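Undergrad: Could you work out the structure for the sequence below:
(one chain, ligands or ions: 1)
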Amino acid sequence: MLKIGPYQLKNRLILAPMAGVTDRPFRQLCRQHGAAMAVSEMVIADPSFWKTRKSIHRLDHQGEDTPISVQIAGGDPEMLATAAKLNQDMGAQIIDINMGCPAKKVCNKAAGSALMKDEALVTAILDRVVNAVEIPVTLKIRTGWDTTQKNALTIARIAEQAGIQALAIHGRTRSCAYKGDAEYTTISQVKQAIQIPVFANGDIDSPEKAAHVLKVTQADGLLIGRAAQGCPWIFDDINYFLEHGQHRPSLETDQIKEIILRHLTELHQFYGEKMGHRIARKHIGWYLKTSKNHLEFRKEFNQIESPQKQLEAIHREFEQQKVKANEGEKAA
Ligand SMILES: Cc1cc2nc3c(=O)[nH]c(=O)nc-3n(C[C@H](O)[C@H](O)[C@H](O)COP(=O)(O)O)c2cc1C
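TA: Numbers count the residues shown, from 1 in each chain. Model (predicted):
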């Protein structure tokens, strides 16, 4: 049974934190479609930033399923400890520390995966944060600084020693950014060396890939990021495949339309009239990226300035697709 502290996860799949993507509506959607947990977008550790509109939305966890995992980012042990404590008081049930993001600096200090270069600082951060809260603390890292300095194993041991309760590893170094393919050998080495749950991450974009990564790494679970963009039901797809060894039937077009409409409505409500429809645009781009006329539709959709008109445009687009599909069938 996969557990993080006292929280038992219903399966092995977690939505990876993605700034600008994994907001509350998207987290809830992914959980409805099979993610056992969904980590928040990173929150900058310095509380003086928390009054901005962006942070207010990032700190909102109303109505979210348990366990609520909030990611914090920064480079100062005291500030991270304070941020962890404040987030615990605001409803976080797990604190995740970001040492995986390639951004160089947050608030003029090294942060994200840049921290991995300074193992003494990593130790100080993990000790301070773990001791500041009563809830489980997890850590997200990359395999190292660059391909000649892969210190994931050392960091993993530091993490376990500090009382970190689960570790997620993205199979790239910081200097790789998102280039090349993720590698899973380092993740497998870390899994063999520590006792806490290990989550493998990087380029998992299909049920087959998920099964492969679980097999080669022996990881306890997987973190899925970009493949969930425009496809929040990928978690159900993967869970089914892992359980039955075959694909579940694809979703019907009408089911996809309903998911998109619900997502749009949630975004409009969460961000309000002015922002909601703008934030929705990128999600619609991802949902429809494989449809034939997606560039045309996207151009048209991105000019719409009203939430209601966005919903109508999606209805229309799906109706047109249906008509075209019927015509295609008749012609064949
Ligand atoms: C748009 C975007 C934003 C991201 N933001 C964060 C973040 O806030 N914190 C973090 O730890 N990782 C962040 N990541 C990295 C992802 O969590 C994940 O490690 C990476 O995308 C590799 O997984 P994938 O191949 O499944 O996407 C981000 C990635 C993307 C694409």
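
Undergrad: Give the phi and psi angles for A200, as a check.
TA: phi -90, psi 150 (degrees, to the nearest 10).

Undergrad: List the contacts of D205.
TA: 226-227, 234 (CB atoms under 8 Å, 6 or more residues apart in numbering). In short, each C-beta sits where N, CA and C put it, glycine included.

Undergrad: Could you look up the SS state of it?
TA: Secondary structure, DSSP: H, G, I helix; E, B strand; the rest coil: D205 is coil.

Undergrad: what sits against L311?
TA: Residues near L311 by CB under 8 Å, 6+ apart: 261, 264-265.

Undergrad: which residues of the stretch 101-250 of the chain fall in strands?
TA: If DSSP state E, counting those that start in this stretch is used as the criterion, the strands of the stretch 101-250 of the chain fall at 105-106, 109-110, 137-144, 166-173, 198-201, 221-224.

Undergrad: how about those in CSV, adding mean pLDDT and mean neighbour count?
TA: As requested, the strands of the stretch 101-250 of the chain are arranged in CSV below (pLDDT from 0 to 100; neighbours: other CB atoms under 10 Å):
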stretch, mean pLDDT, mean neighbour count
strand 105-106, 62, 18
strand 109-110, 69, 17
strand 137-144, 96, 27
strand 166-173, 96, 26
strand 198-201, 98, 26
strand 221-224, 98, 24
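
Undergrad: Can I get these in a markdown table including distance to the ligand?
TA: Converted to a markdown table, the strands of the stretch 101-250 of the chain look like this (distance: least, CB to the nearest ligand atom, whole Å):
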| stretch | distance to the ligand |
| --- | --- |
| strand 105-106 | 10 |
| strand 109-110 | 15 |
| strand 137-144 | 5 |
| strand 166-173 | 4 |
| strand 198-201 | 5 |
| strand 221-224 | 5 |
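
Undergrad: Reformat those as JSON lines; add distance to E160.
TA: Formatted as JSON lines, those follow (distance: least, CB to CB, whole Å):
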{"stretch": "strand 105-106", "distance to E160": "25"}
{"stretch": "strand 109-110", "distance to E160": "23"}
{"stretch": "strand 137-144", "distance to E160": "10"}
{"stretch": "strand 166-173", "distance to E160": "8"}
{"stretch": "strand 198-201", "distance to E160": "10"}
{"stretch": "strand 221-224", "distance to E160": "17"}
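
Undergrad: Quick check: buried residues in the longest helix belonging to the chain?
TA: With DSSP state H applied, the helix covering the greatest number of residues in the chain is identified as helix 253-287. Residues of helix 253-287 classed as buried by neighbour count (16 or more other CB atoms under 10 Å): 256-257, 259-260, 263-268, 270-271, 276-277, 279-280, 283-285, 287.
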